[in-house]
Each structure stands twice: as structure tokens, then as C-alpha cells.
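In: okay, predicted coordinates and the sequence, questions at the end:
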Amino acid sequence: MATVMNEDQIQILAEALGKALEIINQNQMRLIDERFDAIMDGKDEAESAELITEDRVREIAEDEARDLINGASISA
């Protein structure tokens with residue numbers, strides 16, 4: 001038998017998913033900021049020696065997003 005969700009349950013689920021996505025986004029931005037800070041502070045000498053181009057910024061952001069998604073879990 002299929003379970004049908006009522007409007008209250010759908011609203012609660014939508015709010016929970018919205019909050020989960022907000023938390024994921026905040027964590028992703030924090031990780032990206034930490035990585036750029038390490039580069040700019042010279043802690044990652046290999047990367048700090050290279051010019052930070054727009055393509056490199058995108059690459060770092062994509063790497064962090066991929067890592068975050070692969071290690072993510074959502075529970076309710």
C-alpha cells in the first residue's frame with residue numbers, strides 16, 4: 001500500500017530539505033574559504049606559487065563540492 005503524505009508532512013519535509021541544503025552550502029563555502037586562506041597564507045606552497053586564475057578558482061570550488069557531496073549524508 002502506498003503511503004500518501006499530507007500537506008503538513010510535505011511542508012515539514014520541504015523545510016527540512018531546505019535547511020539541509022543551507023547547511024551543506026555553508027559547509028562548502030567554509031571549506032573553500034579555508035582552502036583559499038591556506039593558499040594565500042603560503043601554507044600550500046605549490047599552489048601559492050601559481051597565479052590564482054578564474055579557472056583555478058572554479059577547479060578548487062568543484063573539488064570541494066565533489067568531496068563534500070561524496071562524504072555527505074542526510075538524515076531526518
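Out: All right, it came through fine.

In: low pLDDT regions in this protein?
Out: Within the chain, the stretches with pLDDT under 70 are 1-2, 42-52, 68-76.

In: mind giving me the packing neighbours of the longest helix seen in it?
Out: The helix spanning the most residues in the chain, taking DSSP state H as the definition, is helix 7-40. In terms of contacts (3 or more Cβ pairs under 8 Å, 6 or more residues apart in numbering; DSSP states H and E), helix 7-40 is packed against helix 45-48, helix 54-70. (Glycine included, C-beta is placed from N, CA and C.)

In: can you pull the buried residues of that helix?
Out: For helix 7-40, burial by neighbour count (16 or more other Cβ atoms under 10 Å) applies to 28, 31, 32, 35, 36, 39.

In: closest to residue 3 among those residues?
Out: residue 28 (32.6 Å; Cβ to Cβ).

In: the closest one contacts residue 66, correct?
Out: No. With contact defined as Cβ atoms under 8 Å, residue 28 does not reach residue 66; the gap is 10.2 Å.

In: nearest to the spatial middle of this structure, which residue is it?
Out: Among the residues of the chain, residue 28 comes closest to the average C-alpha position under Cα atoms, centre = their mean, at 2.8 Å.

In: what's the spacing between residue 8 and residue 41?
Out: From residue 8 over to residue 41 the distance is 49 Å, taken as Cβ to Cβ, to the nearest Å.

In: also residue 35?
Out: 11 Å.
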